[in-house]
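> give me a model of this one.
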Amino acid sequence: MLRITDARTGEPAEIRRALTRVHAHVPGEDTSALRVLLVADVLARALELDGSPVLLVADPPAELRRRADDLGVRPNETTATRGGQRVLRVTGSGEWGQGRDDHGDGAGDHGVSAVGAERADTDVTVEVAPVRGTEAPSASGTALRLALLTHPRRTPATLDATALTEAADTLDHWRTAVAAWATRPSRPVPEPVRQALRAAWEDDLDVRAVLDVLRDVEGAPDVSDGARFETYAYADRLLGLELTRQIGASA
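A predicted model of the protein is given here:
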């Protein structure tokens with residue numbers, strides 16, 4: 001069961017299986033806003049992996065939507081601002097509780113607004129820290145996605161050309177490895193590995209811990225190549241890094 005820290009209380013909230021609306025409140029049009037959309041996307045993926053139906057509400061400006069598409073962020077799935085037994089409001093740090101719009105839920109034009117004070121008891125506010133650094137404003141793609149996912153969501157993410165290059169190199173290495181493992185006999189994800197992955201993302205969406213599990217699996221002598229492939233493919237349902245993209249590319 002996913003446990004996520006509610007920024008309003010500082011306490012973990014248990015997100016049980018039920019129709020859930022993940023509402024991204026975009027605090028601007030820069031990479032910090034893009035990070036909010038990314039966290040909302042990963043949060044929706046985690047809920048679906050737990051068997052919960054999800055509706056994502058995210059209506060950013062056109063240019064930010066383009067960058068989000070490049071990152072593989074799912075599009076807006078509903079125009080409804082209400083509905084669902086649970087509502088998870090993903091917002092930039094310090095945004096919640098600062099204002100309301102006509103909907104009373106903090107979703108202003110393009111979602112650029114604070115999360116309002118009026119809400120149901122089942123609402124949870126998920127805070128995302130800003131992005132700092134000197135990366136090009138047009139930086140996008142899965143390398144940027146990985147660079148952002150490497151940082152805990154409540155910690156400011158510092159990005160520069162070095163961080164993006166390292167992320168791109170890691171992606172290329174993993175995709176090459178996954179393509180090679182795919183040629184070996186398939187084996188199921190080892191149960192301890194599956195449990196470690198789920199324990200990581202269910203603990204306040206700790207994506208960095210998920211990445212650490214993958215690094216451990218790559219070098220584990222007791223894990224077969226077929227099991228490595230299935231592990232990376234399974235984890236990528238959360239990460240959205242297209243880790244299987246190179247399979248068959250050289251055939």
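> which strands or helices does the helix or strand where residue 148 lies pack on?
Under DSSP states H and E, the secondary-structure element containing residue 148 is helix 141-149. With contacts defined as 3 or more C-beta pairs under 8 Å, 6 or more residues apart in numbering; DSSP states H and E, the packing partners of helix 141-149 are helix 31-49, strand 157-159, helix 161-181, helix 207-219. C-beta coordinates here come from the backbone N, C-alpha and C atoms, glycine included.
> pull out the buried positions in the helix or strand following the third one.
Once helix 161-181 ends, the next helix or strand along the chain (criterion: DSSP H and E) is helix 191-202. Under the neighbour-count criterion of 16 or more other C-beta atoms under 10 Å, helix 191-202 has 193, 194, 196, 197, 198, 200, 201, 202 buried.
> I'd say the first one and residue 213 touch.
Yes: Residue 193 is within contact range of residue 213, at 6.7 Å (criterion: C-beta atoms under 8 Å).
> pull up the overlap in contacts between those two.
Residues within reach of residue 193 and of residue 213 at once, by C-beta atoms under 8 Å, 6 or more residues apart in numbering: there are none.
> so what touches the strand or helix carrying residue 237?
Per DSSP H and E: residue 237 is located in helix 225-239. Contacts of helix 225-239 from elsewhere in the structure, counted by C-beta under 8 Å, 6+ apart, are 42, 45-46, 49, 146, 149, 174, 177-178, 180-182, 184-190, 193-194, 197, 201, 207, 210-211, 213-214, 217-218, 223, 242-244.
> ok, the closest residue to residue 224 other than its chain neighbours - contacts?
When the adjacent residues along the chain are set aside, residue 224 lies closest to residue 187, with 4.9 Å between them (C-beta to C-beta, 6 or more residues apart in numbering). By C-beta under 8 Å, 6+ apart, the residues touching residue 187 are 224, 226, 227, 230.
> closest to residue 17 out of those residues?
Set against residue 17, the nearest of those by C-beta to C-beta is residue 230 (24.2 Å).
> what lines up beside the least confident helix or strand in the chain by mean pLDDT in the sheet?
Ranked by mean pLDDT, DSSP states H and E, the weakest helix or strand in the chain is strand 131-133, scoring a mean of 87. Here the strand partners of strand 131-133, with direction, are listed using DSSP bridges: strand 157-159 (parallel).
> so which of the buried residues of helix 191-202 comes closest to residue 18?
Using C-beta to C-beta, these come closest to residue 18 at residue 202, 15.8 Å.
> settle this for me: that closest one is touching residue 4, isn't it.
No: with contact defined as C-beta under 8 Å, residue 202 and residue 4 do not form a contacting pair (9.1 Å).
> what residues do the two have in common as contacts?
Both residue 202 and residue 4 lack any common contacting residue under the criterion C-beta under 8 Å, 6+ apart.
> residue contacts, the residue positioned nearest the centre of the chain?
Taking C-alpha atoms, centre = their mean, the centroid of the chain lies closest to residue 42, which sits 2.4 Å from it. Applying C-beta under 8 Å, 6+ apart, one finds that residue 42 lies in contact with 149, 205, 207, 238, 239, 240.
> go again with 6 Å.
When contacts are counted by C-beta atoms under 6 Å, 6 or more residues apart in numbering, residue 42 is found next to no other residue.
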